[in-house]
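Undergrad: My questions concern the predicted model and sequence given below.
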Amino acid sequence: MDVIQQRTKPAGMTETGLKWIALAAMVLDHVHYFFGFTGWIPEWFSMVGRIGAPLFLFCLVEGFTHTHSRKRYFARVYVLSTGMSALLFLMTYGGVLVRPDGFYPLNGMMTTFVILMVMWQGVDWLEQRKLFPGLAAVILPLAWPFLATGLSVMFPALMNPLGFLCYSFVPMWGITGDSSWPVLVMGMVLYLFRKHRKTQVAAFCVYYILYGVVYMGLMASRLPGFSWGQLFTEYYEIYGILAAPLMLWYNGKRGRGHKMLFYVFYPAHVYILYALSWGLYLVLN
């Protein structure tokens, strides 16, 4: 008699499931971002959207840690980052494809992914006692904005070429937006504690309290009429902490993958939403 073994699905959510939640949150956030000028999109779209970036970073840590080829993994993200950032450079400094009201998309999450993967590789090299490449991979991406600024001041003729490099082939982090230092810090926290899930999520929560409450509160308190309740209504980065339960729910399985869908979806939805917002802007004005 044949013995039939029933396979049960592991409890929890796969990486693919987390990515779908992150995608849905990101779309809501970007609908508010692109169509906010209409006054029709509720603020809670962006509040929900705050869980998108943490979940994407969490999945990126898992993918980078377990991929069979880090070179191919990095190359896919790098190509997307370079293309989107080069277009952003043309929009910023050339006025190309800028909406009539002066708005253009500043989405730079792929840039953050590129910088973080270089730094993560540096962390691994340091753990392997490869000190020189490890320190270079961690420090140079952090120092690059300052080096580029110094070079452009010392050699003004290099300003435009350096600007293009910083927006494309040698991307740099900034102060605000998807490629800002808070996103880099969050990515480093998730990677450094990746081997212990509960510790990783706890460290993530501590980071978000420091960033979403302490830092945002101190920054916003300089504005007239500030109240701490506004951290939940106007300066609501703290809602990103709600990604923590989903991280704990992750079962360590990849799921179906759909990896190319995610690579295609990010730039496609950004530019489709931007084009639609442009058309609606013309209709309304």
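TA: Looks like it arrived, so ask away. Numbers count the residues shown, from 1 in each chain.

Undergrad: Confirm that Y93 sits in a helix.
TA: Yes - looking at Y93 with DSSP: H, G, I helix; E, B strand; the rest coil, it is inside a helix.

Undergrad: Excluding residues flanking it in the chain, which one is nearest it?
TA: Ranked by CB to CB, 6 or more residues apart in numbering and with sequence neighbours excluded, the top spatial neighbour of Y93 is G163, at 6.8 Å. Every residue, glycine included, has its C-beta placed from N, CA and C.

Undergrad: Report the buried residues of the helix or strand the one you found falls within.
TA: Using DSSP states H and E, the secondary-structure element containing G163 is helix 159-167. For helix 159-167, the buried set under the neighbour-count rule, 16 or more other CB atoms under 10 Å, comprises 162, 164-167.

Undergrad: same check, this time on stretch 241-249
TA: Residues of stretch 241-249 classed as buried: 241-244, 246-247 (neighbour count, 16+ other CB under 10 Å).

Undergrad: Show me what the following helix or strand past the helix holding G163 is in contact with.
TA: Tracing the chain C-terminally past helix 159-167 and defining elements by DSSP H and E, one meets helix 181-192 next. Residues external to helix 181-192 that are found in contact with it (CB atoms under 8 Å, 6 or more residues apart in numbering): 53-54, 57-58, 60-61, 64, 109, 112, 115-116, 119-120, 123, 173-175, 200, 203-204, 207-208, 211, 215, 237.

Undergrad: Now the buried members of those residues.
TA: For the contacts of helix 181-192, burial is judged from neighbour counts taken by 16+ other CB under 10 Å, and it is met by 53-54, 57-58, 60-61, 64, 109, 112, 115-116, 119-120, 123, 173-174, 200, 203-204, 207-208, 211, 237.

Undergrad: Which ones among those lie within helices?
TA: Those of these mapping onto helices are 53-54, 57-58, 60-61, 64, 109, 112, 115-116, 119-120, 123, 200, 203-204, 207-208, per DSSP state H.
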